[in-house]
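[1] With the input below, show me the fold.
(2 chains)
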Amino acid sequence: MTASDPARWLDALLAASLFAIDPVGIGGVLVRSSADPLRDRWLAALSGLLPLPTPQRRLPSNIADSRLLGGLDLAASLRAGRPVAERGLLVEADGGVIVVAMAERLSQRTAACLAAAADRGEVIVEREGITERRATRFGIVALDEGIDDERPPPAMLDRLAIHINLRGMRSAEEPVSLVADVDVATARSRLLSVKVDDEALGALCEASLALGISSLRAPLLALRVARASAALAGRETLSAEDVGAAARLVLAPRATQLPSQQEPDVTDSGDKSEEVSARGNEGSETEERDQLPEPKSLDDIILAAAQAAMPPDVLARLKLSHSASKHRSSYGHAGMFRLSSRRGRPIGSRRGDLRSGARLSIIDTLRAAVPWQALRRRERGENALEGRPARIDVRREDFHVSRFRQRTETTTIFVVDASGSTALNRLAEAKGAVEHLLGDCYVRRDSVALISFRGSSAELLLPPTRSLVRAKRGLAGLPGGGGTPLAAGIDATRILADDLQRRGQTATAVFLTDGRANIARDGTAGRGRAQDDALAAARLMQANGVNALLIDTSPRAAAFAQQLANEMAAVYVALPYAEAAAVSKVVRANADARRSGANGG
Amino acid sequence: MQIQNPTANPVFGTPEGLPMPTAFPFSAIVAQEEMKMALLIAAVDQSVGGVLVFGDRGTGKSTAVRSLAALLPKMQVIADCSYGCDPDTDRTRCVDGCGGRAAKGKSRAVPVPVVDLPLGVTEDRVVGALDLERALAHGVKAFEPGLLARAHRGFLYIDEVNLLEDHIVDLLLDVAASGENVVEREGLSIRHAARFVLVGTGNPEEGELRPQLLDRFGLSVEVKTPNDVTTRVEVVRRRDAFDRDPKIFARRWKTEDGKVRKRIAAAREHLSAVTLPDSVIARAAELCMRLGVDGLRGELTLIRAARALASLDGVETVTDAQLRRVAPSALRHRLRRNPLDEAGSGVRVERAVAEVIPA
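    Numbers count the residues shown, from 1 in each chain, chains lettered A, B, ... in the order given. Here you go, the predicted model:
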């Protein structure tokens, strides 16, 4: 049975209690929810549990380095006539809790700074003339308002022991006062005396493997949660209840596969995932679990607890992710994060002059000027040690210019015709071309995306990424055969390009097709309709201002492909016997021309 | 909040004020043999170049690097030199004018620096800049050495190396290539030696490394999460024990760590005595040719790493056995990228090794 709403709410409250008992050891709680009253109630419950005084600091997802890590306190330094360091939020939160607002928007970098401080128990500051190490121990509450598969950075998810989901939960009947009698202080004092036996340790490790959880932090964090649970109940050793709670709160949300009941052997996870996807629909799944015999060993208890805690949609998603689209795994969103932070968001400053139209960062320029004030006054013949500095002497060397994520970030979208008419050797060539171009994009730090169309639809095989690792996977899985839904391919490209442009990026589409469209937009076969639809789609894409290049892969230059290229205002290149290197060269020349054109204009 | 004496001891170790957290004992790291081997090699022969550790989350990458720091033998520096000059080789050109003191034989033993380059680091702290305190309070123009000076003759460690800002990477590449740091600003003109071994860790899912930076690393290691229960249980058990009481845990592993420390010291001593047969050099060249590795760098790293490993093994002569073991780390990041080869570069190196050096 999947957990009912009241049970889920009780678990959420349990999570708050356990986290309050050992915030540093447990690392944190991920609360997935919209910004609604239920979440506020949960946060209020947590605040009530934390002993006073526990500092709580809210971390906005777009926090600047100087605020997060600390640095030179400009105003105080000027006033005092000596460098004064400013504490960052990570240090201010020492002994308390950092609440990360909109964690799904957090950049990988900020997540890495948080992770480094949490792992080390200290912050190392090497900024603006300041060198210091400061101890800090904190727990994290990450408020994840992500929709669909929008997730906080994996580096953060991995370090937060407990993941709870309040989404879809009707407002809970149970009053928060359930946690009122939780004695956090006493439980904390018991924490160190809870003993962990090998059976519990082994069971948690095995369960995490059986659930397809690769990270070793999961069983370690599960152990800490189990220990906090024992401390809460006043037990000296871990009971089945404690490991069960750890399984529900830590392991279940991380599961990537269902444990196989038939086979206790858990070494070959590949087979298992297939087995999972081959199983029936959700209903039979639930029935199966209902019919399970009474769990006997600790392993069974953990697995049963973890499974019961997985809501039905998670199971459905698991199956989905194991059947068709393996390459769109959860961390496919690493790229998305980088993209969202590129929308002209300032990301600090660096020394530089203003010639190239860069924007002066006044604060950082002043910071750079401060150390020199006494020297410059002396240079001007004034007494360096007397008199208040009436104004700050700023010179060109001090100038700091703001840095933004490159607006001209280019994503090259490869749109590959994988239909039957594009013979298999063409597909291999297309793959080869992408491979060559990946090398170049990698040097220029451009992103690539891959769309393929065949049969009756188009599919985004690879969301924009700079990661070769993922590009590799996406390419390897590119299948061929079937009809040519050209219009669908162009539409998918336009939608992706549109999305990228809204993020302030430049999108270039490279079509590799023979133009022999035979599937219309509505999925019906027939060359006439299909071609009309393709031309319409091309016009629409052109109207949206997408740069395009069409590489004709048919044996002889095809008139329709040329017409199509015209409609999308694309550069047309006939490559009757294209080789990977040749395709790549054409794309590169084209991209460079556009780039210099854009700079000139 | 007032800064605690920023210039008191800027060169060695980390800034004052806070005791260094206890490091996880190197000998207590479970499995991850390739990573441990690469780090030991870098400790024995710094000329191998740096180590890049790329891989899954939670595999103890940064733990291993910090563990190693505790095991490095001390080095001799000229007394009171702010740049950690070597009394044997660095006598001239030091801005601190320490050459004279060296001639008088004044030197002392200090720990080999392992300097953290934290995320969010600013340019001025990397290359060094005007000494803030003295400039503000006394109007004195003095240079405060940066992290590059602190890392001279030691290790510069970058966690999350692929998240490092591009302009900081440029600075590092420049200095790493020349072995010298040059600061020119408003009459402040400083030039000092900065030779360091880069050690980087990161997760490939967070983005690729620029090829120019990749090239700076002598050895590149891929780490994967172990997937057998016994190993995983042991990892979790030890980590949990460490986190509960780092000091007691470290004490329990003191003897084992002492052995590793002795092994490193002995291997450094012994290094120059290890002979390198022409046949091994020829095989290394053949291996590089087979894999299409450009330039001499791959070959040189391969040979040096094999020699350091032989020294660690306590053998007199480098053999194919060492070559075989170091080949994946020395070469995997030097192959031409081939996104279509699902096997990954490590496997490609192993394949070539099996052909060139049959067991």
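
[2] Tell me where chain B has strands.
    For chain B, the strands defined by DSSP state E cover B:50-55, B:75-78, B:107-110, B:114-116, B:128-130, B:143-145, B:155-158, B:180-185, B:188-193, B:197-202, B:217-223.

[3] and residue A:42, which of the ones you listed is closest to it?
    Shortest distance between residue A:42 and the strands of chain B, using Cβ to Cβ, is found for strand B:197-202: 34.5 Å. The way it works is simple: take the backbone N, C-alpha and C, and place the C-beta from them, glycine included.

[4] end to end, how far does stretch B:260-280 reach?
    27 Å (Cα to Cα, to the nearest Å).

[5] With stretch A:145-161 instead?
    18 Å.

[6] buried ones in it?
    Buried residues in stretch A:145-161, counted by 16 or more other Cβ atoms under 10 Å in any protein chain shown: A:145-146, A:151-161.

[7] now do stretch A:75-93
    For stretch A:75-93, using 16+ other Cβ under 10 Å, the buried residues are A:77-78, A:81-93.

[8] Sitting in strands, which of the residues you listed do you find?
    Checking the buried residues of stretch A:75-93 against DSSP E, those in strands are A:85-87.

[9] Tabulate these (TSV), appending pLDDT.
    Output for these, formatted as TSV (pLDDT from 0 to 100):
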residue	pLDDT
A:85	87
A:86	88
A:87	91
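
[10] which stretches of the stretch 151-300 of chain B form helices?
    Listed in chain order, the helices of the stretch 151-300 of chain B (DSSP state H, counting those that start in this stretch) span B:166-178, B:211-214, B:229-244, B:246-252, B:254-270, B:278-291, B:297-313.

[11] between these, which gets nearest to residue A:184?
    helix B:229-244 (19.4 Å).

[12] List the buried residues in the closest one.
    Per 16+ other Cβ under 10 Å, helix B:229-244 contains these buried residues: B:229, B:231-240, B:242.

[13] Nearest to residue A:49, out of the residues you listed: which one, please.
    residue B:240 (24.2 Å).

[14] That closest one contacts residue A:222, correct?
    No: with contact defined as Cβ atoms under 8 Å, residue B:240 does not reach residue A:222; the gap is 10.7 Å.

[15] related to what we said a few turns ago, would you format the ones in strands among the buried residues of stretch A:75-93 as CSV with distance to residue A:124 included?
    Output for these, formatted as CSV (distance: Cβ to Cβ, whole Å):
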residue, distance to residue A:124
A:85, 13
A:86, 15
A:87, 14
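
[16] State the distance from the closest residue to residue B:66 other than its chain neighbours to residue A:416.
    Of all residues not flanking residue B:66 in the chain, residue B:23 sits nearest, at 4.9 Å (Cβ to Cβ, 6 or more residues apart in numbering or on different chains). According to Cβ to Cβ, to the nearest Å, residue B:23 stands 50 Å off from residue A:416.

[17] So for those two, which sits in the more crowded spot?
    Applying other Cβ atoms under 10 Å in any protein chain shown to residue B:23 and residue A:416 shows that residue A:416 carries more neighbours, namely 29 against 20.

[18] so what secondary structure elements neighbour the helix or strand encompassing that one?
    Taking DSSP states H and E as the definition, one finds residue A:416 inside strand A:410-417. Strand A:410-417 makes packing contacts with helix A:424-444, strand A:447-454, strand A:457-465, helix A:486-502, strand A:506-513, helix A:580-600 when contacts are defined by 3 or more Cβ pairs under 8 Å, 6 or more residues apart in numbering or on different chains; DSSP states H and E.

[19] Quick check: the residue nearest to residue B:66 vs chain A, distance?
    11 Å (Cβ to the nearest Cβ, to the nearest Å).

[20] per-residue pLDDT, that residue?
    Listed pLDDT for residue B:23 reads 90.

[21] Also the one 3 residues further on?
    Per-residue confidence at residue B:26 stands at 95 (pLDDT).

[22] The nearest residue to it once chain neighbours are set aside: neighbour count?
    The shortest distance from residue B:26 to any non-neighbouring residue, by Cβ to Cβ, 6+ apart, is to residue B:67 (3.8 Å). When neighbours are defined as other Cβ under 10 Å, residue B:67 has 23 of them.

[23] Contact partners for residue B:67?
    Counting by Cβ atoms under 8 Å, 6 or more residues apart in numbering or on different chains, residue B:67 touches B:23-26, B:29.

[24] Just send those back as a markdown table, with distance to residue A:397 too.
    Shown next, in a markdown table, are the contacts of residue B:67 (distance: Cβ to Cβ, whole Å):
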| residue | distance to residue A:397 |
| --- | --- |
| B:23 | 40 |
| B:24 | 44 |
| B:25 | 47 |
| B:26 | 45 |
| B:29 | 47 |
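
[25] Could you identify which of those residues has the most neighbours?
    Most surrounded of the contacts of residue B:67: other Cβ under 10 Å gives residue B:26, at 25 neighbours.

[26] In the stretch 101-250 of chain B, what residue comes closest to chain A?
    Nearest to chain A in the stretch 101-250 of chain B, going by Cβ to the nearest Cβ, is residue B:139, at a distance of 3.4 Å.

[27] Verify the stated contact: that residue with residue A:374.
    Yes: taking Cβ under 8 Å as the definition, residue B:139 is a contact partner of residue A:374 at 3.4 Å.

[28] circling back to that earlier point, next, the angle strand A:447-454 makes with the strand holding residue A:416.
    Here the directions of strand A:410-417 and strand A:447-454 differ by 20 degrees (axes from the mean of the first three to the mean of the last three Cα atoms, to 10 degrees).

[29] Not counting its neighbours along the chain, what's nearest residue B:48?
    Closest to residue B:48 by Cβ to Cβ, 6+ apart is residue B:218, at 4.4 Å.

[30] give the contact list for that neighbour.
    B:42, B:48-51, B:301, B:304-305, B:330.

[31] hmm, which helix or strand of the chain has the shakiest average pLDDT?
    All of this refers to chain A. helix A:334-340 (a mean of 31; mean pLDDT, DSSP states H and E).

[32] You answered for a different chain; I wanted chain B.
    helix B:99-103 (a mean of 64).

[33] Quick check: closest non-adjacent residue to residue B:312.
    Closest to residue B:312 by Cβ to Cβ, 6+ apart is residue B:267, at 4.5 Å.

[34] what's around the one you found, how many residues?
    22.

[35] same thing with the one 5 residues further on?
    As a burial measure, the neighbour count of residue B:272 was computed by other Cβ under 10 Å and equals 8.

[36] quick check, stretch B:152-170 touching chain A?
    Yes: Stretch B:152-170 lies within reach of chain A by Cβ under 8 Å from any Cβ of the partner chain, at B:159-160, B:163, B:165, B:167.

[37] and those residues as JSON lines, adding neighbour count?
    Shown next, in JSON lines, are the residues of stretch B:152-170 next to chain A (neighbours: other Cβ atoms under 10 Å in any protein chain shown):
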{"residue": "B:159", "neighbour count": "25"}
{"residue": "B:160", "neighbour count": "24"}
{"residue": "B:163", "neighbour count": "20"}
{"residue": "B:165", "neighbour count": "19"}
{"residue": "B:167", "neighbour count": "14"}
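
[38] Could you pull up the mean pLDDT of stretch A:226-235?
    For stretch A:226-235, mean pLDDT is 94.

[39] quick one: that stretch near chain B?
    No: if you take Cβ under 8 Å from any Cβ as the test, stretch A:226-235 misses chain B, and the best it gets is 8.9 Å.

[40] how about a markdown table for the buried residues of stretch A:145-161, with pLDDT and secondary structure added?
    Below are the buried residues of stretch A:145-161 laid out as a markdown table (pLDDT from 0 to 100; DSSP: H, G, I helix; E, B strand; the rest coil):
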| residue | pLDDT | secondary structure |
| --- | --- | --- |
| A:145 | 92 | coil |
| A:146 | 85 | coil |
| A:151 | 88 | coil |
| A:152 | 92 | coil |
| A:153 | 91 | coil |
| A:154 | 90 | helix |
| A:155 | 91 | helix |
| A:156 | 94 | helix |
| A:157 | 94 | helix |
| A:158 | 94 | helix |
| A:159 | 95 | helix |
| A:160 | 96 | coil |
| A:161 | 96 | coil |
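
[41] I appreciate the help and will end here.
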